[in-house]
Every structure is written in C-alpha cells, then in structure tokens.
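A.B. asks: quick one: sequence and predicted model below, then my questions.
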Amino acid sequence: MALDLTVSPLSYALGAAVTGLDIRRALQPDEVAQLRDAWLQHLVVVFPAVELTLEQQVRFSRYFGELEIHPVPSLRHAQYPEVFEVTNRKINGRPSETGEIGRKWHSDGAFTVRPPTASLLHCRAIPRAGGSTWFNNMYMAYETLSLTMKKTIEQLEVVNDLFGPHATPAYRFTSDERKAEEDRKQVPGVIQPVVRVHPETGRKALYLNPTVTRHILGMSVEESDSILQFLYRHSVKPEFVYSHHWGVNDLVMWDNRCAMHLAPADYARDEIRQMYRTTLTGEPHGRLLQ
Ligand code: OGA
Ligand code: MN
C-alpha cells in the first residue's frame, strides 16, 4: 500500500495529479491497483516531473497491460518498438513524421479493431510557451445528452478510417505516395459504435473521433454530418475539458475508451517539443469494414 500516494483533481471534468509514489521502482500489486483506480475515476492521471528512461517508461506502462507496437512500422522507435516518438525535432537528419499529429480531437487507435486502452506520454522537451494537450470527458458528453438524443444514437455505428478521403496530410505520416499506399494496407477502415460501454467501469461514453470518423454507417456523409458535428461540438464544451500544460518529465496516462485528446498548434515551431508514447493494447472492439 502506497501510504503517501495523493490524488489531486486538476479540473472539474477530468484529470488528477498523482504524487507520493516513486513510479520508477518495481511496484506492488496493491500500488498498481490504487493507480488503476485513480486512472479509471479521473480518466487522465498526471505524474508530475518524473525523470524516466525509456526502460522505466516501458516497465511502468506494462503494469497496466500489454504494450502495443504501432501499426505503422516507420513510427516505431529503433531500439524500443513499443515506443512511439511524438516530436517536431529532426530524427537522423530527417523531418519528423509526427510533428503535427493530434491537431484534431481524437482518441488513439479508433481506426483499429483493438483501440488501445491507454496511452502514456512522457515529456522530454517542451517549448517555452504552449505545446499543451487537451483532454475531454466522453462519459460527461454522453450523460448530458437528452434522453431522446441518447436513444437516437444508441444503435448508431460509424465508419472510422485513418487514411480516408478527409485524412489530413499529417495523418498520412509521409509525402511518399508509395509508402502511403503501404501504410493504407496496414490500416484498413473499421466500424465502431457511437456509444461505448466502458468494459471496466460499466459506464456509457460517446465514442467518436473527429480525426478518423468519416460518416455514420448507412447514412450519407451529408446526413451524418449534421448529427456528428453536433456531437463533436457538444463533446468538447469547455466544462468537459482539461488542458494539460506540460512541465519537462511529466508523465500523463489517459483512457482512450472514455476520453479524447487534442494537441493544438500553440507553440513556436523553432522550439523543440519531444514526447515518448507507450500504448496499451486494448480489448477487441468494433469490426473491420468489408
Ligand atoms: C498522441 C497524441 C498529443 C500531443 O501521442 O497520441 O495525440 O500532445 N499526442 O503530443
Ligand atoms: Mn493521440
């Protein structure tokens, strides 16, 4: 039992800072359980200013499940394939492919049939101002809908596709067309329900993704847009959002099943922003688009 562990809420909707436990050392099962409870309750947990090596980040992440290797091979770290670098710095003299990711609201991996349970992002470098990450609470977004709207969307499913016609260039990860074609084959489109029952809390959450959601299954893009645009706007009302202002070495762990996140372009691009992400393999969810 971690006696000094403190969980302090960071906003009304979601987010809590966890202190009083050295997460670099081997953890006891009851300590992991306490952290898991905090994360399930607050959706986003922040471990402020923890210097972590990649080994330590990988070990800590594994306490919460199996680690995913990113479906796009060029995005895997050379030594640690389960690590994904999010940065605007040059890597081996080449411009980064991840410098502009996350510019629209999304949850990670909603374009797969095993969307990751959690993502953990460790900050190595942050511009002098900005470079923040915003998170929202999709339980609240669902719970605050009218009963009629809840019933209307209950059975709806959406088509999610990372490389669909509306994909932003940043989501193509490359300007090389042949490589883009290979990436597309690695990541086919999927169908996901609009309302998701969280497998651990049993609570219902909206499960939408403005970055990869193309349209509601069985509806034209125009028909579904009127519903989707309303749901997107509703989901990210300021009262459902926590904006994290990074300090170097902050580790942030979020739940992709009930929260979306966004990385606004709110910093000077000639300053370096560098994060390492580890990602927990999720439970099977949705089905492949045939
Ligand atoms: C991610 C992501 C946002 C950020 O790593 O999944 O969306 O702020 N990152 O870097
Ligand atoms: Mn993301």
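C.D. replies: Perfect, thanks for sending it. Numbering: from 1, shown residues only. Ligands and ions are numbered 1, 2, ... in the order given.

A.B. asks: going forward, measure contacts between C-alpha atoms and count neighbours the same way
C.D. replies: Will do.

A.B. asks: ramachandran angles for residue 221?
C.D. replies: phi -60, psi -40 (degrees, to the nearest 10).

A.B. asks: neighbours around it, how many?
C.D. replies: Other residues near residue 221 number 13, with proximity taken as other Cα atoms under 10 Å.

A.B. asks: offset the numbering so it begins at 29, please.
C.D. replies: Got it, the first residue is 29 from now on, which makes the last one we talked about residue 249.

A.B. asks: specify the local secondary structure of the nearest residue to it once chain neighbours are set aside.
C.D. replies: If the residues on either side of it in the chain are set aside, residue 249 comes closest to residue 243, at 5.2 Å by Cα to Cα, 6 or more residues apart in numbering. State at residue 243, reduced to three classes by DSSP: H, G, I helix; E, B strand; the rest coil: strand.

A.B. asks: wouldn't residue 243 be in contact with residue 252 here?
C.D. replies: Yes - if you go by Cα atoms under 8 Å, residue 243 and residue 252 touch, sitting 5.6 Å apart.

A.B. asks: who touches residue 127 in this structure?
C.D. replies: The contact partners of residue 127, taken as Cα atoms under 8 Å, 6 or more residues apart in numbering, are 114, 115, 116, 117.

A.B. asks: pretty sure it is in a helix, no?
C.D. replies: No - applying three-state DSSP, one finds residue 127 to be coil, outside a helix.

A.B. asks: relative to ligand 1, how far out is it?
C.D. replies: Residue 127 is 8 Å from ligand 1, where distance means Cα to the nearest ligand atom, to the nearest Å.

A.B. asks: cool, residue 262 as well?
C.D. replies: Residue 262 sits at a distance of 20 Å from ligand 1 (criterion: Cα to the nearest ligand atom).

A.B. asks: and if you look at residue 167?
C.D. replies: Computed as Cα to the nearest ligand atom, the residue 167 to ligand 1 distance reads 19 Å.

A.B. asks: now that residue: which helix or strand?
C.D. replies: Using DSSP states H and E, residue 167 falls within helix 166-171.

A.B. asks: which elements pack onto that helix?
C.D. replies: Other elements packing on helix 166-171 under the criterion 3 or more Cα pairs under 8 Å, 6 or more residues apart in numbering; DSSP states H and E are strand 232-234, helix 249-263, strand 287-290.

A.B. asks: adding distance to residue 128 and mean pLDDT, write the ones you listed out as a markdown table.
C.D. replies: Converted to a markdown table, the helices and strands packed on helix 166-171 look like this (distance: least, Cα to Cα, whole Å; pLDDT from 0 to 100):
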| stretch | distance to residue 128 | mean pLDDT |
| --- | --- | --- |
| strand 232-234 | 25 | 98 |
| helix 249-263 | 21 | 96 |
| strand 287-290 | 11 | 98 |
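
A.B. asks: buried deepest among these, which one?
C.D. replies: For those, average neighbour numbers computed from mean count of other Cα atoms under 10 Å are highest in strand 287-290, which has a mean of 25.
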